[in-house]
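Undergrad: Sequence and predicted structure are below.
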Amino acid sequence: MLNKARAFLGTDVDNSPLILFRIVFGILLACECIGAVFTGWVHETFITPKITFTVIGLEWLQPLDGNGMIYYFLIMGLLGIMISLGLFYRASTFAFTAMWAVVYVMQKSHYNNHYYLLVLLGTAMFLMPAHKAKSLDVHWRFTVPSETCQRVCHWFFIIQILIVYCFASIHKMNVDWIAGKPLDLWFTAKSDFWLIGPLLGTDWMPYVIAWGGILYDGSITLLLLFRRTRKAGFILSVVFNLFNSAVFLIGIFPYLMILLTVFFYPPETIRNIFFKKKTSVRPIQRKLSSSWTFILILYFSIHLILPLRHHLFRGQVSWTDEGHRLAWRMMLRTKYGSLKFSIEDKETGLRERVVLKDHLIPNQISSLKGHPDMIWQFAQYLKKINAKEGKDVGVYAEAKISLNGHPRRSFIDPKVDLASVPWEPFKHAEWILIDE
């Protein structure tokens, strides 16, 4: 079986889907980065805040001073254009992916699954010969042109989005999502949208989208894989992703998912439609190397395990957030409520309430309420700034949070000094209160 898989994936086939993907992928990356500058997202996320919530352990990784992050994103936009043009392709793709990964781990206030997906896709594209045709590297003879690539270059993306969609469907099979939550809350807030607002305001629409989301995510890759259902799958993909783009405003993610459907079509079809070249490329059979076989098995094994790691923790993952990230748990929960911090001078025993808006911007305060790791990080920040003034303080949090519109309940143990407890990523944090 393994030898057959290696022979199938190692065979040289027409590289048209990979070339088309590179061209449009680079354009989408440029739009994402340049758009982030001109919509004010970069300014709000990296320039305005006094503190940045990084991945824990990487607190030294801080935004550039002044307008540095604006230039940083404009450079990434330029790299996206270079990727599209196939100009210094390897270097451009490596630089973009590294810079994007830095941005990804540098802030958590705006966490989004597609930021993580771009890291994975960028890394894969760096390793693939996507510049061997229709590129400036070929035009200027920086690389040897080719009309073929190994079939694994197409199937990597098929398997990757199969994992994304399957876990998205599995995670949606929970009581809240089936009951139309939190979609009902979001749709009510968007009922004034042009054209689709009245539809979003109906009682039945959250149920349609909830059940439709489970069915779509669970079936779309199968529909696209088979010739007889491929056209229906493509139409569904376009409709579903354009709806998400219009309602949830999630950047390039919907368009990226539409673009990934090119790998499900026969390479000759992509060549005939987009490159207007009727000549066919005859497959050349050869086996995928043992080293790449091992790397791919390891890679996909890791990505099959990561979305399931929340089972190692106590409590509901949508509540505790332990195991939530890197798991394709998309659009499953919303949290709101009250969060109060107080600091206690260990020498005098006096307590003082912390005014959050003196330290955080509104978006950070909103994100803080639902993310225990960020609450813990903020406690470390408060301890640090007080230590600079010569004070040894304890930091306590009192949170009453609603998950998906349910009644508010205590989220953080108010008796625990969060500044003194260590962060332990591989077991449940006992100061996160759960109902057993």
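TA: Alright, I've got the coordinates.
Undergrad: Could I get the full set of helices for the stretch 301-436 of the chain?
TA: Secondary structure of the stretch 301-436 of the chain (DSSP state H, counting those that start in this stretch): helices located at 317-320, 362-368, 372-388.
Undergrad: residues in contact with the shortest one?
TA: Pointing back at helix 317-320 there. Here helix 317-320 makes contact (Cβ atoms under 8 Å, 6 or more residues apart in numbering) with 174, 176, 310, 313-314, 323-324, 329, 332-333, 372, 403-404, 411, 428-429, 432, 434. Glycine gets a C-beta too; all of them are placed from N, C-alpha and C.
Undergrad: From the residues you listed, list just the buried residues.
TA: For the contacts of helix 317-320, a burial check counting by 16 or more other Cβ atoms under 10 Å picks out 174, 176, 310, 313, 323-324, 329, 332-333, 372, 403-404, 411, 429, 432.
Undergrad: what's the following helix or strand after the worst-scoring helix or strand of the chain on mean pLDDT?
TA: Between all helices and strands in the chain, the lowest mean by mean pLDDT, DSSP states H and E belongs to helix 197-200, at a mean of 88. In the C-terminal direction, the helix or strand that comes right after helix 197-200 (DSSP states H and E) is helix 205-225.
Undergrad: that older thread, which of the helices of the stretch 301-436 of the chain has the lowest average pLDDT?
TA: Per-stretch mean pLDDT for the helices of the stretch 301-436 of the chain is lowest at helix 362-368 (a mean of 92).
Undergrad: hmm, who's touching it?
TA: Contact with helix 362-368 is made by 44, 49, 51, 53, 108-110, 336, 339, 356-357, 360, 374-375, 378, as judged by Cβ under 8 Å, 6+ apart.
Undergrad: re the thing from before, export the least confident helix or strand of the chain as PDB, just CAs?
TA: Taking C-alpha atoms only, helix 197-200 is exported to PDB below (Å, rounded to 0.1, in the frame of the first residue of the first chain):
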ATOM      1  CA  GLY A 197     -29.800  41.800   6.700                       C
ATOM      2  CA  PRO A 198     -33.500  40.800   6.800                       C
ATOM      3  CA  LEU A 199     -32.600  37.200   6.100                       C
ATOM      4  CA  LEU A 200     -30.100  37.200   8.900                       C
END
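Undergrad: Quick check, pLDDT for Asn174.
TA: Looking at Asn174, the pLDDT reads 95.
Undergrad: residue boundaries of the helices in the stretch 1-150 of the chain?
TA: Secondary structure of the stretch 1-150 of the chain by DSSP H, counting those that start in this stretch: the helices cover 2-10, 16-38, 41-42, 68-85, 89-106, 113-127, 136-139.
Undergrad: in the last one, what's buried?
TA: Of the residues in helix 136-139, those buried under the neighbour-count criterion (16+ other Cβ under 10 Å) are 137-138.
Undergrad: Now that helix - C-alpha only, PDB.
TA: Extracted in PDB, the C-alpha atoms of helix 136-139 (Å, rounded to 0.1, in the frame of the first residue of the first chain):
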ATOM      1  CA  LEU A 136      10.000  36.000 -14.100                       C
ATOM      2  CA  ASP A 137      12.500  33.500 -12.700                       C
ATOM      3  CA  VAL A 138      12.000  31.400 -15.900                       C
ATOM      4  CA  HIS A 139      11.900  34.500 -18.100                       C
END
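Undergrad: Please identify which of the helices of the stretch 301-436 of the chain is closest to Phe248.
TA: helix 362-368 (16.2 Å; Cβ to Cβ).
Undergrad: can you tell me how far the most centrally placed residue in the chain sits from Gly394?
TA: Residue closest to the mean C-alpha point of the chain, counted by Cα atoms, centre = their mean, is Asn113 at 1.9 Å. To Gly394, Asn113 is 36 Å away according to Cβ to Cβ, to the nearest Å.
Undergrad: Pick the most deeply packed of the helices of the stretch 1-150 of the chain.
TA: helix 16-38 (a mean of 22; mean count of other Cβ atoms under 10 Å).
Undergrad: Quick one: neighbours of Gly337, just the number.
TA: By other Cβ atoms under 10 Å, 15 other residues sit near Gly337.
Undergrad: Thr39 and Ile70, how far apart?
TA: 12 Å.
Undergrad: wait, isn't Ala133 in contact with Thr148?
TA: No: using Cβ atoms under 8 Å, Ala133 is not in contact with Thr148, being 9.3 Å away.
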